[in-house]
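> Build me a model:
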Amino acid sequence: MGSSFTQFRNKGFWSRDTLLEVWLRTLCLHMESEVHSSGWQHDLRDRWLLASAGYFNGCVSASLDEFLTNDDRVSVIIRVSGRSIQSLRAFGAFVPEAFLNALNITQFTADWPIEWFERIADTFILLLRGELTSDASTSPTLPATRKGQTWDELEQPRKT
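Sure, this is the predicted structure:
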């Protein structure tokens with residue numbers, strides 16, 4: 001599995017493609033009502049749906065600089081991010097394999113810990129607010145490993 005760099009205003013973070021794809025797809029599900037008519041939200045949602053389709057190994061792009069061209073647009077996506085992480089938290093400690101598979105990104109074989117999504121949501125929001133200081137050379141890859149585990153060990157955290 002590849003990793004991609006999510007960039008906005010020359011700052012950003014690395015994340016595993018599948019985690020980023022799930023996050024972008026979840027954001028699409030929580031866009032504001034304007035997404036249903038022509039405009040930037042509609043176009044951004046279409047871009048995120050394509051970017052999260054599982055085809056861009058190592059090159060998943062959120063296109064933030066292209067679409068978030070003013071503070072009002074940034075504020076909209078921060079609100080969408082808040083709704084998105086709240087919806088994932090509603091599952092509890094783990095986001096179920098069945099939900100992940102319903103997103104139609106790849107075949108999931110386990111539930112994923114909510115802490116991974118909280119980490120990407122927090123980092124994504126910090127980036128949008130201009131509070132993230134990392135760039136491509138200083139960012140860890142989310143979800144960062146913990147307790148000496150590798151991503152492969154973490155990728156399948158709980159069999160259902």
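> element containing the residue most central in space within the chain, please.
Central residue of the chain (C-alpha atoms, centre = their mean): residue 23, 2.8 Å from the mean position. Assessed by DSSP states H and E, residue 23 sits inside helix 17-29.
> List the buried residues of that helix.
For helix 17-29, the buried set under the neighbour-count rule, 16 or more other C-beta atoms under 10 Å, comprises 17, 18, 19, 20, 21, 22, 23, 24, 25, 26, 27, 28. C-beta here means a position set from N, CA and C on the backbone, and glycine is covered the same way.
> neighbouring contacts of the lengthiest helix in the chain?
Scanning the chain for the longest helix, with DSSP state H as the assignment, gives helix 71-89. Helix 71-89 has contacts (C-beta atoms under 8 Å, 6 or more residues apart in numbering) with 23, 26-27, 29-32, 40-41, 67-68, 95, 114, 117-118, 121, 124-125, 128-129.
> if you set the cut-off to 10 Å instead, what comes out?
Helix 71-89 has contacts (C-beta atoms under 10 Å, 6 or more residues apart in numbering) with 8-9, 22-32, 34-35, 40-41, 44-45, 62, 64, 67-68, 95, 99, 112, 114, 116-118, 120-122, 124-125, 128-130.
> Strands of this protein, residue ranges please.
3-8, 11-16, 94-95, 112-113, 141-142 (DSSP state E).
> Is it possible to get a markdown table of those strands that adds mean pLDDT, distance to residue 82 and mean neighbour count?
Listed next are the strands of the chain as a markdown table, based on pLDDT from 0 to 100; distance: least, C-beta to C-beta, whole Å; neighbours: other C-beta atoms under 10 Å:
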| stretch | mean pLDDT | distance to residue 82 | mean neighbour count |
| --- | --- | --- | --- |
| strand 3-8 | 96 | 17 | 20 |
| strand 11-16 | 96 | 18 | 22 |
| strand 94-95 | 96 | 17 | 20 |
| strand 112-113 | 93 | 20 | 20 |
| strand 141-142 | 88 | 18 | 18 |
